[in-house]
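Asker: give the three-dimensional model of this entry:
(one chain, ligands or ions: 1)
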Amino acid sequence: LGGVVKTIAEEDVFTSTAVYVRTAQTYLTRIDDEVVAIWQKCPHLGCRVSWCENSGQFECACHGSYFNRAGEYRSGPAPRGMDRFAVTVNEQGIVAVDTGVVTRGAPPGTETLDEPPRGERCI
Ligand code: FES
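Answerer: Numbers count the residues shown, from 1 in each chain. Down below sits the predicted model:
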């Protein structure tokens, strides 16, 4: 990590899910018509957080931290929401993730999405 990673077409990123891009250690999703890149690393002790399609949230199997689709904190031992990488979209419509530019996750209590869990948890 530490560089700019080209990923997928912007038009292939949807509000309904999060798509994993291994080369950038990132989940891409769309919020308010903007693509955001959420770092896979759990802000608790660094495990790779999973996306749970069934619940529509991020879930960390290590110690049970839960985050909404925006990576915002829901519950568990994590001290904040998931961190994000800077994103740009080039002229060809490809999303580039700058893994050297990290924005720390918001503190617990931050909830910008009105998306309660939509089903059973995976973990
Ligand atoms: Fe994710 Fe502990 S590392 S909950």
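Asker: please tell me how far the spatially most distant residue from the centre of the chain sits from the ligand.
Answerer: Note on the chain: the largest C-alpha distance from the chain mean falls to Glu91, namely 23.8 Å (C-alpha atoms, centre = their mean). Distance of Glu91 to the ligand, computed by C-beta to the nearest ligand atom, to the nearest Å: 38 Å. Yep, even glycine has a C-beta here, placed from its N, CA and C like the rest.
Asker: go on, Gly2?
Answerer: Gly2 sits 22 Å away from the ligand, going by C-beta to the nearest ligand atom.
Asker: quick check, pLDDT for the nearest residue to that residue once chain neighbours are set aside.
Answerer: Counting by C-beta to C-beta, 6 or more residues apart in numbering, Gly2 lies nearest to Gly100, which is 4.8 Å off, once chain neighbours are set aside. Gly100 carries a pLDDT value of 95.
Asker: hang on, Gly100 packs against Val5?
Answerer: No - using C-beta atoms under 8 Å, Gly100 makes no contact with Val5, being 10.1 Å away.
Asker: neighbour count winner among these two?
Answerer: Set Gly100 next to Val5 and count neighbours by other C-beta atoms under 10 Å: Val5 wins out with 19 against 11.
Asker: that one is in contact with Ile94, isn't it?
Answerer: No - using C-beta under 8 Å, Val5 is not in contact with Ile94; the gap is 10.6 Å.
Asker: per-residue pLDDT, the residue farthest from the centre of the chain?
Answerer: Per-residue confidence (pLDDT) for Glu91: 95.
Asker: what of Gly2?
Answerer: 76.
Asker: contact residues of the protein facing the ligand?
Answerer: 42, 44-47, 60, 62-65, 76-78 (C-beta under 6 Å from any ligand atom).
Asker: and the two most separated of these?
Answerer: Spatial extent of those (C-beta to C-beta) is set by the pair Gly46 and Gly64 at 14.9 Å.
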